[in-house]
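[1] the following block contains a protein sequence and its predicted model.
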Amino acid sequence: MTARDEVLARITSAHRLAPPPNIRYEDIGRAYRTTSDAETPELTELLVDRLVDYRALVRQCRADDLVVAISAAIAERGAQTVVVPAGLDRSWTVDMPADVLTDGLSGEDQLSIAQLDAVDGVITSCAVAIAETGTLILDGSPDQGRRVLTLIPDYHLCVVVPEQIVADVPQALARLEATRPLTMISGPSATSDIELNRVEGVHGPRTLEVIIVQEGRST
């Protein structure tokens, strides 16, 4: 069999396996995986592996060490000014070594594009984190803010708590409202040209750092 014959045979086989074009919506098979038996530690390990593979910075801490971890991340970044959404837990930034600006919920309290462009970074929470794909999803909730808030600053620090980590995409979508402004983040913003030269920070933050809060408390 030639390469051409093999390709045509695979196409023919795929057509035989495909559902008929006039199949009813309610008759479409949905036997794909929608649950997972993996425990949080296993999911966390997988999420960290995917995030690191995407060139994101990752650190883990216990809940009572979160404030210290956030302050350490900002200090190591050398950030002088950061912005946070209005609904973010303000205790997270109580020991912040940088000036903290708040992006409000209403138009008159929201920072301008120029102001966002001038800050060194943004701190947010997230709605869901998908372990299998290493994807963080923001849904515009008060602790995550407007979509533009995480697209303009060059550095994004995102905090993920254990209950936000799910195994795969179906589980993530089951937790989200499709009508909300969803932002899916898989590593720092990056693109490449036809010669595969990687350029970061083109349509979002050049640096993504994720703090994953572990279950339990420090001893």
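    Arrived safely, thanks for sending. It should be emphasised that the depicted structure is a prediction, and the values quoted were computed from it without experimental measurement. Residues are numbered from 1 along each chain as shown.

[2] so Thr35, which of the three states?
    coil (DSSP: H, G, I helix; E, B strand; the rest coil).

[3] ok, it touching Asp168?
    No: using CB atoms under 8 Å, Thr35 is not in contact with Asp168; the gap is 9.1 Å. Backbone N, C-alpha and C define where each C-beta goes, glycine included.

[4] neighbour count winner among the two?
    Asp168 (18 against 11; other CB atoms under 10 Å).

[5] for the nearest residue to that one once chain neighbours are set aside, what are its contacts?
    Leaving aside its sequence neighbours, Asp168 sits nearest to Glu132 (CB to CB, 6 or more residues apart in numbering; 4.6 Å). Contacts for Glu132 were tallied using CB atoms under 8 Å, 6 or more residues apart in numbering; they are Leu46, Arg50, Ala167, Asp168, Val169.

[6] am I right that the second one falls within a strand?
    No: under the criterion used here (three-state DSSP), Arg50 is helix, not part of a strand.

[7] was I right to think it contacts Gly134?
    Yes: using CB under 8 Å, Arg50 makes contact with Gly134 at a distance of 2.6 Å.

[8] hang on, the earlier thing: how close does the residue nearest to Asp168 get to Leu149?
    Look at Glu132 and Leu149: by CB to CB, to the nearest Å, they are 26 Å apart.

[9] give me the beta-bridge partners of the residue nearest the centre of the chain?
    The residue lying closest to the centre of the chain (CA atoms, centre = their mean) is Leu136, at 1.8 Å. Beta-bridge pairing of Leu136 under DSSP bridges involves Ala129, Ile185.

[10] partners of the helix or strand harbouring Ile123 in the sheet?
    Assessed by DSSP states H and E, Ile123 sits inside strand 121-124. As defined by DSSP bridges, the strand partners of strand 121-124 come to strand 81-85 (parallel), strand 155-160 (parallel).

[11] for Val7, find the nearest of these.
    Closest of the strands paired with strand 121-124 to Val7 is strand 155-160, at 43.0 Å (criterion: CB to CB).

[12] C-terminal to that closest one, what's the next element?
    strand 165-166.

[13] spit out the contact partners of Arg146.
    Neighbours of Arg146 in contact, by CB under 8 Å, 6+ apart: Pro85, Asp103, Gln110, Gly140.

[14] and if you look at Trp92?
    Leu66, Val67, Ile70, Val84, Ile123, Val159.

[15] what sits against Ser71?
    Counted by CB under 8 Å, 6+ apart, Ser71 has contacts Asp95, Met96, Pro97.

[16] any idea how far the first one lies from Ala72?
    Note on Asp95: its distance to Ala72, by CB to CB, is 10 Å.

[17] and the two? which has more neighbours close in?
    Remark: of Asp95 and Ala72, Ala72 carries more neighbours, 16 against 13, as counted by other CB under 10 Å.
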